[in-house]
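Novice: fold the stuff below for me.
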Amino acid sequence: MANLNKVFLIGNLTKDPELRYTPQGSPVTTLRIAVNRNFRTKGGENKRETCFVNIISWGNLAEICNQYLQKGKAVFVEGRLQSRNWQDSQGKSRSVIEVRAERVQFLGPKTEPGVEVDLGSEPDLELGEPEPESSQAEDSQLGA
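Specialist: Residues are numbered from 1 along each chain as shown. Below is the predicted model of the structure:
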């Protein structure tokens, strides 16, 4: 049986990125984005639905996202769904489904006036991070 776990999202950051480091020193950034869906009801009324999604990036990608992104910026995210389970401070079991970023592309202007950003020699400026050898170990280090 074939399986596929691939996510493509375009949205805007709802707050500034949050950078933290695992006890082993690996950088991890959480982005929270809003993805809008516009549609028309059967009655002809225009509506908008907004879905809020947490995006997790690791390594160099995490540091670059933290350095150059801020609330309101538009991004294209390519990644996969992942779930995490943990116990909160009261001992209650918690779980979350989020997107593990494999690539983040900044949309809109590449720089603000007077700011020069060099993300590499790639003409597309797509940022990606190879999958760590032990994805499960890193995921379990996040906690909540």
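Novice: where does this protein have low pLDDT?
Specialist: 109-144 (pLDDT under 70).
Novice: where's the residue positioned nearest the centre of the chain, which helix or strand?
Specialist: Residue closest to the average C-alpha location in the chain (Cα atoms, centre = their mean): residue 55, at 2.5 Å. Assigned by DSSP states H and E, residue 55 belongs to strand 46-58.
Novice: for that strand, list the C-alpha coordinates in PDB.
Specialist: C-alpha atoms of strand 46-58 as PDB (Å, rounded to 0.1, in the frame of the first residue of the first chain):
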ATOM      1  CA  ASN A  46     -18.500  35.600   0.200                       C
ATOM      2  CA  LYS A  47     -16.800  34.000   3.200                       C
ATOM      3  CA  ARG A  48     -13.300  33.400   4.400                       C
ATOM      4  CA  GLU A  49     -12.100  30.600   6.600                       C
ATOM      5  CA  THR A  50      -8.700  30.800   8.300                       C
ATOM      6  CA  CYS A  51      -6.700  27.800   9.500                       C
ATOM      7  CA  PHE A  52      -3.800  28.400  11.900                       C
ATOM      8  CA  VAL A  53      -0.900  26.000  11.500                       C
ATOM      9  CA  ASN A  54       2.300  25.500  13.500                       C
ATOM     10  CA  ILE A  55       5.400  24.900  11.400                       C
ATOM     11  CA  ILE A  56       8.600  23.400  12.900                       C
ATOM     12  CA  SER A  57      12.000  23.900  11.200                       C
ATOM     13  CA  TRP A  58      15.400  22.500  12.300                       C
END
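Novice: what's next to it, contact-wise?
Specialist: Under the criterion Cβ atoms under 8 Å, 6 or more residues apart in numbering, residues 9, 11, 14, 26-41, 65, 77, 79, 82, 96, 98-101, 104, 129, 132, 138, 142 lie in contact with strand 46-58. In short, each C-beta sits where N, CA and C put it, glycine included.
Novice: determine the number of other residues adjacent to residue 58.
Specialist: 23 (other Cβ atoms under 10 Å).
Novice: alright, calling it a day.
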